[in-house]
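>>> Sharing a model prediction with you, sequence too.
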Amino acid sequence: MTTEVLEHAAETLTRRRATLEEFWALPESMLHVEYVNGEIVMAPAPTHSHQLVSRNIFRALDSFVIKEALGEVFYSPFDIILPSGAVVQPDVFFVTAQEYKRVSSTPRLHVVPALIVEILSPGSITHDTLTKRELYEQNGVREYWIVDIEKRDIAQLVLRKKHYALTELGEGDVIRGAVLAGFESHVGELLGLK
């Protein structure tokens, strides 16, 4: 079993072919480690700006979800086991109250989150925009946000007839939840720009 660092247009993720059993044998860690397409995928620790944006998004979504009693909002690192068998650690994700009740007694969540948010890092652009987009679409994640701090925008993807419909929102725009009906926030506020 070899480990290689893949580089693609400023991207670096450490990947290693492995079985799911080898993945689950890894020690508990605060590192960002996923199992996608038969590979253990490890990413470097997030940057300061990544963590600030993650915090802003978590706070906004969590406040709304608590107020409306809609379910639970979580943040990375937390393993999500998708129906395809992939194990992912989204930056922020929402699970409906009904789904959470079904899986809340398990140590890891075997669930399809209704909403997933991934914040791009230099080492995760292709992984988040292509690999995970396809993975989330195939597993039925109803809404997926791809946050680009450098471009200061959010790509909001909403599942329509098994495929994502894309809305691109800049820092001056308002993002309105498709899954979380009634949620809205200025993109600039989520990015910490206003």
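Yep, it's here.
>>> residues near the closest residue to Gly177 other than its chain neighbours, how many?
Of all residues not flanking Gly177 in the chain, Phe183 sits nearest, at 3.5 Å (Cβ to Cβ, 6 or more residues apart in numbering). Glycine gets a C-beta too; all of them are placed from N, C-alpha and C. When neighbours are counted by other Cβ atoms under 10 Å, Phe183 registers 20.
>>> Correct me if wrong: Phe183 contacts Leu190.
No: using Cβ atoms under 8 Å, Phe183 is not in contact with Leu190, being 11.1 Å away.
>>> Identify the contacts common to those two.
Common contacts of Phe183 and Leu190 (Cβ atoms under 8 Å, 6 or more residues apart in numbering): Ala60.
>>> name the helices or strands packed onto the lengthiest helix in the chain?
In the chain, with assignment by DSSP state H, the single longest helix is helix 48-68. Judged by 3 or more Cβ pairs under 8 Å, 6 or more residues apart in numbering; DSSP states H and E, the packing partners of helix 48-68 are strand 71-75, strand 92-96, strand 115-119, strand 143-148, helix 187-190.
>>> Out of these, which gets nearest to Ala178?
Proximity to Ala178, assessed across these by Cβ to Cβ, is greatest for strand 143-148 (4.9 Å).
>>> Which strands border that closest one, and is each parallel or antiparallel?
Applying DSSP bridges to the sheet, strand 143-148 is found paired with strand 115-119 (parallel), strand 153-160 (antiparallel).
>>> quick one: the longest helix of the chain to strand 92-96, angle?
20 degrees (axes from the mean of the first three to the mean of the last three Cα atoms, to 10 degrees).
>>> if we can go back for a sec, ok, and which of the strands paired with strand 143-148 has the densest surroundings?
strand 115-119 (a mean of 25; mean count of other Cβ atoms under 10 Å).
>>> sorry, back to before: how big is the angle separating the longest helix of the chain from strand 71-75?
In terms of direction (the same axes, to 10 degrees), helix 48-68 departs from strand 71-75 by 170 degrees.
>>> what's the distance between helix 48-68 and the middle of its chain?
Here helix 48-68 is found 13 Å from its chain centre; the criterion is Cα atoms, centre = their mean, to the nearest Å.
>>> Kindly report the same for stretch 86-105.
Mean-position distance between stretch 86-105 and its chain equals 11 Å (Cα atoms, centre = their mean).
>>> For it, buried residues please.
By neighbour count on 16 or more other Cβ atoms under 10 Å, the buried set for stretch 86-105 is 86-96, 99-100.
>>> Tabulate those residues (a markdown table), appending pLDDT and distance to Leu115.
Listed next are the buried residues of stretch 86-105 as a markdown table, based on pLDDT from 0 to 100; distance: Cβ to Cβ, whole Å:
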| residue | pLDDT | distance to Leu115 |
| --- | --- | --- |
| Ala86 | 93 | 17 |
| Val87 | 93 | 18 |
| Val88 | 95 | 14 |
| Gln89 | 93 | 15 |
| Pro90 | 95 | 9 |
| Asp91 | 95 | 12 |
| Val92 | 98 | 8 |
| Phe93 | 97 | 6 |
| Phe94 | 98 | 4 |
| Val95 | 96 | 9 |
| Thr96 | 96 | 9 |
| Glu99 | 92 | 12 |
| Tyr100 | 90 | 13 |
